[in-house]
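# Take a look and give me a structure for this.
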Amino acid sequence: MSAKKTSYSEYFGHNGVIVGVLSLFCGFLFTSITILLTSLQSKEGILAQATILFLALIFYFSLYVLLDNLEMAFHYIENIPPLTLKVRPFFNLLLIFYLFGTSTVFMFLLFNFLYLAVISAIVWVIVVIASINSTVKRFYKQSVKRYWNAHSS
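Residues are numbered from 1 along each chain as shown. Purely as a prediction, here's the structure:
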């Protein structure tokens with residue numbers, strides 16, 4: 001290995017572990033919210049709804065961090081195939097993430113928790129806006145820079 005090149009294989013291995021753990025954690029949180037909504041005896045109590053909202057907030061933050069970690073690796077790979085840097089496949093992935101987060105809001109509406117759904121929707125919109133302002137803009141700038149430079153050479 002030359003002195004100029006730096007190996008990022010340890011970083012990618014570590015980032016893969018983080019993505020795997022966060023994916024598992026998001027699945028656990030979503031399942032926990034679903035189980036609490038379907039099997040909790042007294043869902044109308046303030047403590048039960050606060051617990052469900054707390055789990056939803058952790059779920060939203062975990063989705064944000066997961067998406068950010070999925071995008072972060074693009075900054076350290078030198079030769080990314082042009083198809084990978086096209087914006088549309090990444091936006092399809094974003095749409096899946098955003099719909100996954102939105103599903104909790106609809107679950108709250110399904111169980112007639114209007115206030116919980118409104119608070120959850122407001123927080124989810126804030127998370128989506130933060131994601132667009134950070135992760136999406138970063139990916140878009142990098143994809144335009146690398147993808148168009150690949151065609152010009």
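
# I'd like the average pLDDT over stretch 27-36.
The predicted model gives stretch 27-36 an average pLDDT of 95.

# quick one, longest helix in the chain?
helix 9-39 (DSSP state H).

# could you point out which element follows that one?
helix 46-72 (DSSP states H and E).

# what's the angle from that next one to helix 9-39?
Angle, helix 46-72 to helix 9-39, by axes from the mean of the first three to the mean of the last three Cα atoms, to 10 degrees: 150 degrees.

# Could you list the low-pLDDT ranges of this structure?
1-6, 75-76, 78-88, 146-153 (pLDDT under 70).

# hmm, 90 instead?
In the predicted model of the chain, residues 1-19, 40-46, 67-97, 132, 134-153 satisfy pLDDT under 90.

# by contact count, what packs against the longest helix of the chain?
Applying 3 or more Cβ pairs under 8 Å, 6 or more residues apart in numbering; DSSP states H and E, we find helix 9-39 packed against helix 46-72, helix 87-110. All C-beta spots, glycine's among them, are computed from the backbone N, C-alpha and C.

# Give the buried residues for the shortest one.
Judged by neighbour count using 16 or more other Cβ atoms under 10 Å, the buried positions of helix 87-110 are Phe90, Leu94, Phe97, Tyr98, Gly101, Thr104, Val105, Met107, Phe108.

# what's the answer for the longest one, then?
Residues 48-49, 52-53, 55-57, 59-60, 62-67, 69-72 are the ones in helix 46-72 that count as buried (16+ other Cβ under 10 Å).

# Of the helices and strands packed on helix 9-39, which is nearest Val17?
helix 46-72 (10.1 Å; Cβ to Cβ).

# Can you give me the neighbour number for Val127?
Val127 is flanked by 19 other residues according to other Cβ atoms under 10 Å.

# ok, the closest residue to it other than its chain neighbours - contacts?
What sits nearest to Val127 in space, not counting adjacent residues and going by Cβ to Cβ, 6 or more residues apart in numbering, is Tyr60, at 4.7 Å. Taking Cβ atoms under 8 Å, 6 or more residues apart in numbering, we find Tyr60 in contact with Gly101, Thr104, Val123, Trp124, Val127.

# Great, nothing more from me.
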